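> Could you work out the structure for the sequence below:
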Amino acid sequence: MKIRLLSEQTINQIAAGEVIERPASAVKELVENALDAGAGNIKVVMSKGGRELISVSDDGHGMSAEELELAVERHATSKLREDDLSHITTMGFRGEALPSIASVSRFTATSRAAGSDEAWQIEIEGGHKKPLKPAARAQGTTMEVRDLFFATPARLKFLKAERTELSHAQDVIKRLAMACPDVAFSLFDNERKIFQVSSSIAELGDDPAQLRLRRLAAILGREFEQNALKIDVEREDLHLTGFAGLPTFNRGNAQHQFLFVNGRPVKDKLLQGAVRGAYMDFLARDRHPVLALFLELPTDQVDVNVHPAKAEVRFRDAGLVRGLIVSALKHALADAGHRASTTVSQSALGSFEPGTGPSLPLHSGQQRYHQPASYPSASAGEAAYAYQSPFLKPDGSDAQIPLDQAADVLGEQFAPPAGRVDVTPEAQIAPDLQQYPLGAARGQLHETYIVSQNQDGIVIVDQHAAHERLVYERMKQHLAETGVPRQVLLLPEVVELEQGSVDRLIARVEELSDMGLIIEAFGEGAIVVREAPALLGDMDIKGLVRDLADDLAEIDEALSLKERLEEVCGTLACHGSVRAGRRLTVEEMNALLREMEATPHSGQCNHGRPTYVELKLADVEKLFGRR
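You can find the predicted model right below:
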């Protein structure tokens, strides 16, 4: 078969296959074009998940007739200055999006340039361009994509359900809305509004951090705003800002982690690995933090031209970027101290229900009946007060019984449960301790939970989880001060690997040595392990080294060994802590509360679960109808 040049239409369809994977991909490209055009308001309308219609309208600076006709040509762009790919400051730059979309759909673009008296429209059907014609429109641009992939029917078979495709488009718009808090966004499914955020610069003034937090709260929910830690760190030419959720405010997957580089939403393995590294001793492996981080750096320090959809980037100094993210997150978590997520207490309050306890004997004339304790009506409430302390006799007479004799007369169902709450006299003589955040210990429930009282309400502490975190932090400090103890292997372990993996490990010999692992090259395609961390005990050395090599290949950092060390520390801390079921004195309980207040990260155990729940007095009063 002879070599021949492909037609322009085929070339565009191939490009569309790389760039336009699904309707959400087209939405992303068109909305990014609107942002590059200086839009302050962007409206997206979709029909049948984007199969039938995708319409993106903006109020940007628009295009003249000449620019509009040129914009739909392949590799025509206004965003790349002097063909310099090392200083990209816009969302788009390749000039592929519009011709790629137009080659697989029925495409219409209508635009009116700023200062112009007329608008123009161009239509393209399956790559075949029609003549330019006048149109009616205010300043800005509207791009309409109808019958997406009609020219490539095979691609239609791979699309998911309409709701799924719409959710992907919504995720794209949410990410771009996070990156541009000064722009208003809206998404409609035909006439039904799916998502909308308005620009709020006027009401927030010139505070960009507050403006961004409000935008994040509008997208991620008010709970994120209440449980977010501010990030604002600079190192050399890098500036990292954003907000990170407390460890106890977590999710079951990483879909709520949003990362941006120079305003561009990205899904980069290096950045995701840095987040995992920062939270790894605060969360269980199957839990993930909620955060939005924005990294700004010189354009020549990052390459955004490495992925067809521009979803990944490459950094000139990846180690510096990762170190900045890890240290910034860890400092923010340390500054949070013993703080835990507010959603913990809200969840606890949601579990409370009005009491439906033992039936109280009520008397009305000659009739006797039983009514469960619950919220009474107005008339029943008045009657109920008449039966409260002292109690009526069970025979229905009006003679009253003193409260301290009620259990003997009415039966054991009214006696205080034995062994449930232990409150000693000493617990009632520490009013000054209520000034502390975790308050003064008042008692112990089931020899497992400490109940304390502060100025604002009630605090319930899981004594085992709290002490486990305290012991764990002590162990980490000990390791940092004295180094990781090593043990010499009686028989050195030879591990065979690919040469690339060997090279990566040997390049990190000094760092691995600091962590207690001594390795040497052992000929071609092998290394020998002579010493291993003593904390790991009897373990699979070959499995550890192979996992370590895999991690180095993925994120170029030695994480597995650290994770395994800290996992062992967590296990030791668990077995060395105050166990559930142990009765504590008031002095021990108060000492535990004070140490929690002074220890970073004590608001959650080593697995990300909360160590305490705080119930505000106002919330408790609501439970009893006082508010």
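
> Below-threshold pLDDT in the stretch 1-150 of the chain: ranges please.
1, 6, 8-19, 75-89, 92-95 (pLDDT under 70).

> how about 80 then?
For the stretch 1-150 of the chain, applying pLDDT under 80 flags the ranges 1-19, 74-96.

> all strands of it, in order?
Taking DSSP state E, counting those that start in this stretch as the criterion, the stretch 1-150 of the chain carries its strands at 41-47, 53-58, 106-112, 119-125, 128-129, 133-135, 140-146.

> The first one pairs with which strands?
The one in question is strand 41-47. strand 53-58 (antiparallel), strand 184-189 (parallel) (DSSP bridges).

> next one: the fourth one
Sheet pairing of strand 119-125 (DSSP bridges) gives strand 106-112 (antiparallel), strand 128-129 (antiparallel), strand 133-135 (antiparallel).

> Out of those, which gets nearest to residue 199?
strand 106-112 (21.6 Å; CB to CB). Where C-beta positions appear, they are placed from N, C-alpha and C, glycine not excepted.

> Which parts of the stretch 401-550 of the chain are strands?
421-422, 440-445, 449-453, 457-462, 486-496, 518-521, 526-533.

> Mind listing residues that contact the longest one?
The reference is to strand 486-496. 516-518, 522, 525-534, 541-542, 545-546 (CB atoms under 8 Å, 6 or more residues apart in numbering).

> Can you list the buried residues in that strand?
Within strand 486-496, the residues that count as buried by 16 or more other CB atoms under 10 Å are 486, 493, 495.

> Where do the domain boundaries of this protein fall?
Listed by automatic domain parsing, the domain ranges of the chain are 8-195, 201-336, 436-627.

> between the ones you listed, which one is nearest to residue 2?
domain 8-195 (16.2 Å).

> Give me the distance from the closest one to the chain's centre.
29 Å (CA atoms, centre = their mean, to the nearest Å).

> same deal with stretch 185-197?
Worked out by CA atoms, centre = their mean, stretch 185-197 lies 24 Å from the chain centre.

> picking up where we left off before, would you mind checking the contacts of strand 486-496 for buried ones?
Buried, going by 16+ other CB under 10 Å: 516-518, 527, 529, 532-533, 541, 545-546, out of those.

> Looking at these, spot the one nearest residue 151.
Distances from residue 151 to these, taken by CB to CB, are shortest for residue 546, at 47.3 Å.

> list the contacts for that closest one?
Applying CB under 8 Å, 6+ apart, the residues near residue 546 are 495, 497, 501.

> want to throw those residues into CSV with pLDDT?
Listed next are these as CSV, based on pLDDT from 0 to 100:
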residue, pLDDT
495, 91
497, 89
501, 87
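
> The strands of the stretch 1-150 of the chain: which one's closest to residue 319?
strand 41-47 (37.0 Å).

> Can you check the pLDDT for residue 330?
Residue 330 is assigned 88 on the pLDDT scale.

> Looks to me like it is in a strand.
No - counting by DSSP: H, G, I helix; E, B strand; the rest coil, residue 330 is not found in a strand; it is helix.

> secondary structure element for the closest residue to it other than its chain neighbours?
Nearest non-adjacent residue to residue 330, counting by CB to CB, 6 or more residues apart in numbering: residue 278, 5.4 Å away. Here residue 278, judged by DSSP states H and E, is contained in helix 269-279.

> residues of that helix that come out buried?
270-279.

> same deal with stretch 124-131?
124-127.

> Same check on stretch 619-627?
Neighbour-count burial for stretch 619-627 [16+ other CB under 10 Å]: residue 619.

> do stretch 61-72 as well
61-65, 68-69, 71-72.

> Let me have the residues you listed in CSV, extended by distance to residue 227.
Below are the buried residues of stretch 61-72 laid out as CSV (distance: CB to CB, whole Å):
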residue, distance to residue 227
61, 40
62, 42
63, 44
64, 49
65, 52
68, 47
69, 51
71, 44
72, 46
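
> about what we covered before: which stretch in the domains of the chain is the model least sure about?
Among the domains of the chain, domain 436-627 scores lowest, with a mean of 78.

> So what would you say the end-to-end distance of stretch 593-609 is?
17 Å (CA to CA, to the nearest Å).

> cool, stretch 504-512 as well?
In stretch 504-512, first residue to last residue: 11 Å (CA to CA).

> how distant is that stretch from the center of its chain?
Worked out by CA atoms, centre = their mean, stretch 504-512 lies 32 Å from the chain centre.

> ok, now stretch 497-509?
34 Å.

> and residue 593, what element?
Assigning secondary structure by DSSP H and E places residue 593 in helix 586-598.

> elements contacting that helix?
The contact analysis (3 or more CB pairs under 8 Å, 6 or more residues apart in numbering; DSSP states H and E) places helix 586-598 against strand 440-445, strand 449-453, strand 457-462, helix 463-482.

> Tell me which of these sits nearest to residue 165.
helix 463-482 (42.9 Å).

> Enumerate the positions of that closest one that are buried.
463-473, 475-476, 479.

> angle of that helix against strand 526-533?
Relative orientation of helix 463-482 and strand 526-533, computed by axes from the mean of the first three to the mean of the last three CA atoms, to 10 degrees: 120 degrees.

> Please state the offset of helix 463-482 from the chain centre?
Helix 463-482 sits 26 Å away from the centroid of its parent chain (CA atoms, centre = their mean).

> so what secondary structure elements neighbour that helix?
Using 3+ CB pairs under 8 Å, 6+ apart: helix 463-482 touches helix 560-575, helix 586-598.

> now the last one against strand 449-453, angle please.
So that's helix 586-598. Angle, helix 586-598 to strand 449-453, by the same axes, to 10 degrees: 80 degrees.

> list the buried ones in helix 586-598?
Neighbour-count burial for helix 586-598 [16+ other CB under 10 Å]: 586, 588-590, 592-593, 595-596.

> can you tell me which residues contact the residue nearest to residue 72 when sequence neighbours are not counted?
Using CB to CB, 6+ apart and skipping residues adjacent in sequence, the residue nearest residue 72 is residue 98, 5.0 Å away. Each residue near residue 98 by CB under 8 Å, 6+ apart is listed here: 29, 33, 71-72, 107, 109, 143.

> out of those, who's nearest residue 316?
Of all those, residue 316 sits closest to residue 29, with 26.7 Å by CB to CB.

> What number of residues are in the vicinity of that closest one?
Counted with other CB atoms under 10 Å, the burial measure for residue 29 works out to 24 neighbours.

> Output the contacts of residue 546 in JSON lines, with distance to residue 252 appended to each entry.
Shown next, in JSON lines, are the contacts of residue 546 (distance: CB to CB, whole Å):
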{"residue": "495", "distance to residue 252": "34"}
{"residue": "497", "distance to residue 252": "34"}
{"residue": "501", "distance to residue 252": "32"}
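
> Relative to residue 298, which of those is nearest.
Looking across these and measuring by CB to CB, the closest to residue 298 is residue 501, at 32.7 Å.

> which ones are touching the residue lying closest to that closest one once chain neighbours are set aside?
Leaving out its chain neighbours, the residue that sits closest to residue 501 by CB to CB, 6+ apart is residue 549, at 3.8 Å. Residues in contact with residue 549 (CB under 8 Å, 6+ apart) are 497, 501-502, 504-505.
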